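A.B. asks: Dropping the sequence and predicted coords here.
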Amino acid sequence: KQAERQTPRLRSWLSAAEAELCAAVGVDMASEARAALERAEALLPDDGEVRDPDMLSIFLNTGHLTRWRGNVLAKLGDESAMDELYTSLNSADPSFVRASAGVHCDLTQAHLARGELDQARSHLQRARLAANRTGSVRYRQRVELLTGRL
């Protein structure tokens, strides 16, 4: 009954959030994370809108979901994360500086997982610049954690 009152965009957002939580647990929940990503993609309306009309704080379109999918796959160490993240980076709205900090953090993590230290350092520097530009405490902390891994 509750799901019937939720808009498709909100249900998609909730599925993507579930995928992120599963990925945070680790590879033990990798299949659940992937299934949640598939649900998020299937539920997302193809209407060209970004905001949910019933919950204006929910921003989600195919570009946002691509970035989110890349984040989840990077946390899982999945090779396909790179394609998702670079697609997101190349198609992102340049005014979303905070989001770019996240993508660069995710790319740092993905390159580290592949042992590509030069690329990881390059993306880490871009993440640091974007995090400092926006003042994002969360991304500054993430940059510091990733710096420790280099």
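C.D. replies: Okay, I see it.
A.B. asks: Mind telling me what element the residue nearest to the spatial centre of the chain is part of?
C.D. replies: Residue closest to the mean C-alpha point of the chain, counted by Cα atoms, centre = their mean, is Trp68 at 2.7 Å. If you go by DSSP states H and E, Trp68 is part of helix 62-75.
A.B. asks: how distant is that helix from the center of its chain?
C.D. replies: Counting by Cα atoms, centre = their mean, to the nearest Å, helix 62-75 is centred 4 Å from the centre of its parent chain.
A.B. asks: and it, what other elements does it pack with?
C.D. replies: Under the contact definition 3 or more Cβ pairs under 8 Å, 6 or more residues apart in numbering; DSSP states H and E, helix 62-75 sits against helix 8-25, helix 30-43, helix 81-91, helix 97-113. (Glycine included, C-beta is placed from N, CA and C.)
A.B. asks: Pick the most deeply packed of those.
C.D. replies: Highest mean neighbour count of those: helix 97-113, a mean of 23 (counted as mean count of other Cβ atoms under 10 Å).
A.B. asks: one step back: identify the residue spatially nearest to the residue nearest to the centre of the chain, adjacent ones excluded.
C.D. replies: Nearest residue to Trp68, sequence neighbours excluded (Cβ to Cβ, 6 or more residues apart in numbering): Ala16, at 4.9 Å.
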